[in-house]
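Participant: Give the three-dimensional model of this entry:
(one chain, ligands or ions: 1)
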Amino acid sequence: MNIIVTDSPEQAFRKAADMIACEVLYNPHPVLGLATGRTMESIYRLLVKQYEASDLDFAATTSFNLDEYVGLSATDPNSYRYYMQEHLFEHVNMSTSQIHVPNGIAADLDLECARYEAAIEKAGGIGLQLLGIGETGHIGFNEPPSAFNSRTRVVHLDEITRRQNSGMFGNDPTRVPEHALTMGVGTILEARKLLLVAVGKGKAAIVDDALNGPLNENVSATAIRLHQDCTVILDNAAASIWK
Ligand code: F6R
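Facilitator: Got it, this is the predicted structure:
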């Protein structure tokens, strides 16, 4: 595992954006696995800037998002599909047919999960998977416990995660959907490269657990240590316990 610790969150975001940009620039058919959340906002902003400066072209890029809330449609401002539109997709040259986010309002959610897995396979698998880490140690929405061989599925969101994500829901955790669709840990581990980014002292304890604690399905982020090509980018604050 390649662990990079930067002096500031901005440097961490810059390094992450550069790694994604390299994948887009040097892979003829880039397939990106994307994440949402506060950490990713600055990274997408940097990618959009690079695109606007004509340094990046997303025409050949396909993307698959990690997760989506059950019950929220693409036009719901709290959905992850909406988030992606707002932060990345509407600013760069990716067509809708290249963009994949699990459909949280599918009539048959299990079928939707199977369809999502098949679409990833059809695209040739994910080249670079971007990850954040939640307070429960989740990657995607793989809440404890999540089997390391789990696949895209419907999950029940932990109360801690619903509180963590309540900012978008008027700070009311009860308004955060109880269920989500998420790529499984096994799905994530099949990406050719993993890139996990965490900043801020609020992430320090869980980053320490993920990097130093026992490999275990109660902290799904520990699974990234099983991957052959994984980069973790932290700022000093997120690395403060680990170091
Ligand atoms: C979101 C996702 C989550 C977040 C994690 C960190 O698509 O997969 O695992 O990456 O909850 O979220 P922030 O960055 O908001 O702390």
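Participant: So the residue of the chain found nearest the ligand versus L181, what's the distance?
Facilitator: Minimum separation of the chain from the ligand (Cβ to the nearest ligand atom) falls at G132, amounting to 2.3 Å. Yep, even glycine has a C-beta here, placed from its N, CA and C like the rest. Relative to L181, G132 is positioned 17 Å away (criterion: Cβ to Cβ, to the nearest Å).
Participant: higher neighbour count, these two?
Facilitator: Comparing G132 with L181 by other Cβ atoms under 10 Å, the one with more neighbours is L181, at 27 against 21.
Participant: Next, that one: secondary structure please.
Facilitator: strand (DSSP: H, G, I helix; E, B strand; the rest coil).
Participant: Quick check: the closest residue to it other than its chain neighbours vs G184, distance?
Facilitator: Counting by Cβ to Cβ, 6 or more residues apart in numbering, the nearest residue to L181 once its immediate chain neighbours are dropped is P102, at 3.9 Å. Here the criterion is Cβ to Cβ. By it, P102 lies 12 Å from G184.
Participant: got a list of what the most centrally placed residue in the chain touches?
Facilitator: The centroid of the chain falls nearest to A35 when counting by Cα atoms, centre = their mean (2.5 Å). A35 makes contacts with N65, L66, L130, L131, G132, G140, as judged by Cβ atoms under 8 Å, 6 or more residues apart in numbering.
Participant: part of a strand, is the last one?
Facilitator: No - membership of G140 in a strand is not supported by three-state DSSP, which gives coil.
Participant: for the helix or strand harbouring A205, packing partners?
Facilitator: Taking DSSP states H and E as the definition, one finds A205 inside helix 204-212. Based on contacts counted as 3 or more Cβ pairs under 8 Å, 6 or more residues apart in numbering; DSSP states H and E, the elements that helix 204-212 packs against are strand 230-235.
Participant: helices or strands next to the strand it packs on in the packing?
Facilitator: On a contact count with 3+ Cβ pairs under 8 Å, 6+ apart, strand 230-235 meets strand 2-6, helix 9-26, strand 193-198, helix 204-212.
Participant: out of these, deepest packed?
Facilitator: Stretch with highest mean neighbour count among these: strand 193-198 (a mean of 24; mean count of other Cβ atoms under 10 Å).
Participant: Make sure A191 is actually in contact with G125.
Facilitator: Yes - with contact defined as Cβ atoms under 8 Å, A191 counts as touching G125 (7.0 Å).
Participant: Looking at the two, which has the bigger crowd around it?
Facilitator: Each of A191 and G125 has its neighbours counted (other Cβ under 10 Å); A191 has more, 24 against 15.
Participant: So the more buried one versus Q129, what's the distance?
Facilitator: Plainly put, A191 is 4 Å away from Q129 if you go by Cβ to Cβ.
Participant: list the residues that contact both of the two?
Facilitator: Both A191 and Q129 are in contact with G33, where contact means Cβ under 8 Å, 6+ apart.
Participant: Kindly report the residues of this protein close to the ligand.
Facilitator: Residues of the chain found near the ligand (Cβ under 6 Å from any ligand atom) are 35-39, 66-67, 80, 132-134, 138-140.
Participant: Tell me which of the residues you listed fall in strands.
Facilitator: Secondary structure of the residues of the chain next to the ligand is defined by DSSP state E; positions in strands are D67.
Participant: ok, S150 - contacts?
Facilitator: N142, G184, V185, G186, T187.
Participant: thought the third one was touching N142?
Facilitator: Yes - checked against Cβ under 8 Å, the pair V185 and N142 is within contact range at 5.1 Å.
Participant: Pick out whichever of these two has more residues nearby.
Facilitator: It is N142, of V185 and N142, that has more neighbours when counted by other Cβ under 10 Å, with 30 against 24.
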